[in-house]
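1. Pasting the sequence and the predicted coordinates here, then a few questions.
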Amino acid sequence: MRTGDGPASSGARPPVTGPLISLRGVGKSFKDGQVQAISDISFDVEGGEFVSLVGPSGCGKTTLLRLIDGLIRADEGEVLVAGKEPRPGPDLAMVFQSARLMPWRSVVRNIEFALAVRGLRGRERHERAMALLGSVGLRDFANAYPHELSGGMQQRVGLARALAVEPKVLLMDEPFAALDAMTRETLRRELLLLWSRRRTAVVFVTHDIEEAIFLSQRVILLRPRPGRIDEIVEVRLPERRWELDARALPEFVRLREHLWDRIRNMVREGAELEELGTAFPDAVPPPDPPRS
Amino acid sequence: MSEEGTAVRLGQPRAQKPPAEAAVDPDVAARARRRRSRERNLVILLRVGVVVFLIVGMYLLNARSGNLTMPKPSDVFDESVKMWSDGTMLRGLRESLTVLVLGFLTAATSGILGGMLLGGFRLVGRVFDPFVHALNATPSAAFIPLVIVWFGLFTEAKIIVVWIAAFFPILISTASGIDQSDNDLVEMARSFGASRFRVFWQVMLPNALPSILSGLRIGAAVATVGTVIAELQMAQSGLGGLLSAAGNRFEMDRYFAVVLVLMVIGTLITGGLRLVEYRFWNWRASQRDANR
């Protein structure tokens, strides 16, 4: 069991003094236990912190997000959000790789959907949705339908929908991976700006190492099959990163080199990257002859 | 063409409005319009040609083989005028439409409700699936003797026959539309904490509407067929009754006059439903265009 954080926390619902999200020895398998997706993962996320989960495919990044959101339950260990077992709802909001907007609803009505789940009604709901659209610069597109928007704009709507419910934790699953490079860059800066104003905790999944360093305060590097934590790295880059090109800073370069080294090590240790292993079977050197 | 024109356009502030209307060269637009209207006129012309061809063919066949093989189109026209003016056709039409509309409406309500049960509850769907398909595969005319024994020969019994015919296509497309709903959207809704009830009504059902509408279109076509079959096989009434009476007396001009009315009914019903489908789901049409 987890040791108490505070001195003698009493009462049915102790004040949350510990971390906002805490994972202890979490494991999860699929296909009736045949495939171990993640194993023995422990980390904490504080309130208002921006944490990235990075790693090659097959290391269970999305599984972790879904565990934190409470969409699935862990087989082993314990996931706590604000001291409780997470349930989809009030405290958490997800942004997906594709925007996942309902094509039959206008943009503003898509955002109102999330607010309706929270029990907001009528005028208040509409005004709140419009305000959020304004915050991502899409107020003029409120009555457009999702297919009329570009991919980047759709993703902004997805972000606005998640922020609309004022979550304690924003869970983002490779939200910019499907966008073109320029849009991606713009949205990263906008996300940082929004985060710096609201200070919602963010758990951001990506396979892009530079993106992870640019955005987060901490990078959690995972290794695949089963997904485990390889290393947790603090990012000591200045605040207000959206104002400058952090990529040129020595700290940025150092971190990038370091993380790539770790990934190269994973490959060398035999945890071959899934893409390389399956897509180009001939390109990978044959395995060592079996030793007895 | 003119450089002044482009300069003026570039000078304007960039419009931040949803439909991205590029400044179109009026010449290009006019040319495209002309091309489209030329094509439309050609299609109409060719359709008229087909009708003329059919009428001339009927005259030729009539001249060669006599009134029994093919009535003269002018006789069919005269007979139509007579039947419409003495009220025969109106009475038949009223009787047929009563059976058709009531049968279709009961099939639509029960089919959609049943489909919601089969598609919304996995267990129910899995249990009833083989039975539904077995009944659907049986020609509805096969049930007529049973319906006669149970319900008699008159309007109620005919409505039952139409219901049997139209119920299954509507049931099956509703169920499969709901069953195959977009998992990404369902997961999105669940991640915001939406209840099962809300997910069903606000995500799965609207997502299935295109499928339900096409089920209704098929159901309406099948219901038209079912109406005529019921009227031929059971107590003769309506347009089907007129059809069989004229056929039995070899009054081919009268017979053709009724067939024409049936054709118009079928075209109007399916055309109308297609229009509804298009109007309601233009987002879907534009999605198809975008994917092309």
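-> Received, thanks. Numbering: from 1, shown residues only, chains lettered A, B, ... in the order given.

2. In chain A, what residue lies closest to chain B?
-> A:Gly89 (3.0 Å; Cβ to the nearest Cβ). Backbone N, C-alpha and C define where each C-beta goes, glycine included.

3. next helix or strand past the helix of greatest length in chain B?
-> Secondary structure of chain B per DSSP state H: the longest helix is helix B:26-65. Sequence-wise, the next helix or strand downstream of helix B:26-65 (DSSP states H and E) is helix B:73-85.

4. Whichever residue of chain B sits closest to chain A: what's its closest spatial neighbour, skipping adjacent residues?
-> Chain A sits closest to B:Gly193 of chain B, with a gap of 3.0 Å, by Cβ to the nearest Cβ. Excluding its sequence neighbours, the residue lying closest to B:Gly193 (Cβ to Cβ, 6 or more residues apart in numbering or on different chains) is A:Gly89, at 3.0 Å.

5. Verify the assumption that that neighbour is located in a strand.
-> No: using DSSP: H, G, I helix; E, B strand; the rest coil, the assignment for A:Gly89 is coil, not a strand.

6. Per the annotation, how does chain B divide into domains?
-> B:28-68, B:71-290 (automatic domain parsing).

7. Ok, which of the ones you listed comes nearest A:Arg240?
-> domain B:71-290 (30.7 Å; Cβ to Cβ).

8. pretty sure the residue nearest to B:Gly193 is in contact with B:Phe192, am I right?
-> Yes: contact between A:Gly89 and B:Phe192 holds when scored by Cβ atoms under 8 Å: they sit 7.5 Å apart.

9. shared neighbours of those two, which are they?
-> Residues touching both A:Gly89 and B:Phe192 by Cβ atoms under 8 Å, 6 or more residues apart in numbering or on different chains: A:Val117.

10. Which of those two has more residues huddled nearby?
-> B:Phe192 (26 against 18; other Cβ atoms under 10 Å in any protein chain shown).

11. returning to what we had before: so who does the residue of chain A closest to chain B touch?
-> A:Gly70, A:Val117, B:Phe192, B:Gly193.

12. Quick check: phi and psi at the residue nearest to B:Gly193.
-> phi 150, psi -140 (degrees, to the nearest 10).

13. ditto for the one 4 residues further on
-> Backbone torsions for A:Ala93, taken as degrees, to the nearest 10, come to phi -140, psi 140.

14. So what's the residue count around the nearest residue to A:Phe96 once chain neighbours are set aside?
-> Of all residues beyond its chain neighbours, the one nearest A:Phe96 is A:Asp173 (5.3 Å), with distances taken as Cβ to Cβ, 6+ apart. By other Cβ under 10 Å, the residues close to A:Asp173 number 22.

15. Kindly report the same for A:Arg109.
-> Neighbour tally, A:Arg109, other Cβ under 10 Å: 17.

16. show me what contacts B:Leu213?
-> B:Leu273, B:Val276, B:Glu277, B:Phe280, B:Trp281.

17. switch to 7 Å and redo it
-> Counting by Cβ atoms under 7 Å, 6 or more residues apart in numbering or on different chains, B:Leu213 touches B:Val276, B:Glu277.

18. In a helix, it, correct?
-> Yes: assessed by three-state DSSP, B:Leu213 belongs to a helix.

19. which stretches of the chain form strands?
-> Here I'm looking at chain A. Remark: strands assigned in chain A by DSSP state E are A:21-30, A:35-45, A:50-54, A:76-81, A:92-95, A:169-173, A:201-206, A:218-223, A:228-234.

20. so which of those is the most packed in?
-> Highest mean neighbour count among the strands of chain A (mean count of other Cβ atoms under 10 Å in any protein chain shown): strand A:92-95, with a mean of 27.

21. could you dump that one to PDB, C-alpha only?
-> What follows is strand A:92-95, C-alpha atoms only, in PDB (Å, rounded to 0.1, in the frame of the first residue of the first chain):
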ATOM      1  CA  LEU A  92     -10.600  14.900 -16.400                       C
ATOM      2  CA  ALA A  93     -10.800  15.800 -20.100                       C
ATOM      3  CA  MET A  94      -9.300  14.100 -23.100                       C
ATOM      4  CA  VAL A  95      -8.000  15.400 -26.400                       C
END
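
22. and it, is it in reach of chain B?
-> Yes: residues of strand A:92-95 are located near chain B by Cβ under 7 Å from any Cβ of the partner chain, namely A:Ala93, A:Met94.

23. Just give the nearest non-adjacent residue to A:Ala177, would you?
-> A:Gln97 (5.5 Å).

24. next one: the longest helix of chain B to chain centre, how far?
-> Mean-position distance between helix B:26-65 and its chain equals 24 Å (Cα atoms, centre = their mean, to the nearest Å).

25. now do stretch B:99-117
-> On Cα atoms, centre = their mean, the centre of stretch B:99-117 falls 15 Å from that of its chain.

26. quick one: buried residues of it?
-> Buried residues in stretch B:99-117, counting neighbours by 16 or more other Cβ atoms under 10 Å in any protein chain shown, are found at B:99-100, B:102-104, B:106-108, B:111-112, B:114-116.

27. Please apply the same query to stretch A:179-199.
-> A:Leu179, A:Thr183, A:Arg184, A:Leu187, A:Arg188, A:Glu190, A:Leu191, A:Leu192, A:Leu194, A:Trp195.

28. Would you list the phi and psi of the residue nearest to A:Gly48 when sequence neighbours are not counted?
-> If the residues on either side of it in the chain are set aside, A:Gly48 comes closest to A:Arg199, at 4.0 Å by Cβ to Cβ, 6+ apart. Reported as degrees, to the nearest 10, the phi and psi values for A:Arg199 are phi 60, psi 50.

29. how many neighbours does B:Ala208 have?
-> Neighbour tally, B:Ala208, other Cβ under 10 Å: 26.

30. Can you tell me how far it is from B:Leu118?
-> From B:Ala208 over to B:Leu118 the distance is 12 Å, taken as Cβ to Cβ, to the nearest Å.
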